[in-house]
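# Got a sequence here, can you build the structure:
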Amino acid sequence: METDKRLLRLAAEDNVLTAITTLAAGEEVWIEGERVRLDARVPLGFKVAARAIRQGEKVLKYGVPIGSATAEIRRGEVVHTHNLKSDYLPTYTWERQAEYFGQTH
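Modelled structure (predicted):
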């Protein structure tokens, strides 16, 4: 299925695509054979949904989960911190680091 060449799928199982150039709000792109109008500006390097992603569903990039959707995400919608929660960030907090390495701060 046809996908705009300005959107890059990094692994076959990904449910997001990465913008390889900045795309303007209102611009139309093809995603898997469907014409989609972008609701918001997509900066270079940002992710857009390749398909609808349900709230709570894992977001896959590089073929691995990078977080969970905190809201329903439409095909072509920007996927970022406003609708994605990292499943890994807490391991990098000072409190969790102390648990893992026996350190205090």
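# ok, and the closest non-adjacent residue to R6?
Sequence neighbours aside, T21 is the residue nearest to R6 in space, at 5.1 Å (criterion: C-beta to C-beta, 6 or more residues apart in numbering). Every residue, glycine included, has its C-beta placed from N, CA and C.
# let me fix that: V36
Excluding the flanking residues, the one nearest V36 by C-beta to C-beta, 6+ apart is G76, at 3.6 Å.
# Surely that neighbour and I31 touch.
Yes. Applying C-beta atoms under 8 Å, one finds G76 in contact with I31, separated by 5.9 Å.
# what about the residue nearest to R6, which helix or strand?
Following DSSP states H and E, one finds T21 outside all helices and strands.
# what's the neighbour count on it?
Using other C-beta atoms under 10 Å, T21 has 11 neighbouring residues.
# Give me the contact list for the longest strand seen in the chain.
Counting residues, the longest strand found in the chain (DSSP state E) is strand 64-69. Strand 64-69 is contacted by residues 53-60, 79, 83-88 when judged by C-beta atoms under 8 Å, 6 or more residues apart in numbering.
# which other helices and strands contact the helix or strand just after that strand?
Next along the chain after strand 64-69, taking DSSP H and E as the criterion, comes strand 78-79. When contacts are defined as 3 or more C-beta pairs under 8 Å, 6 or more residues apart in numbering; DSSP states H and E, strand 78-79 packs onto strand 47-49.
# For the strand it packs on, name the packing helices and strands.
When contacts are defined as 3+ C-beta pairs under 8 Å, 6+ apart, strand 47-49 packs onto strand 16-19, strand 78-79.
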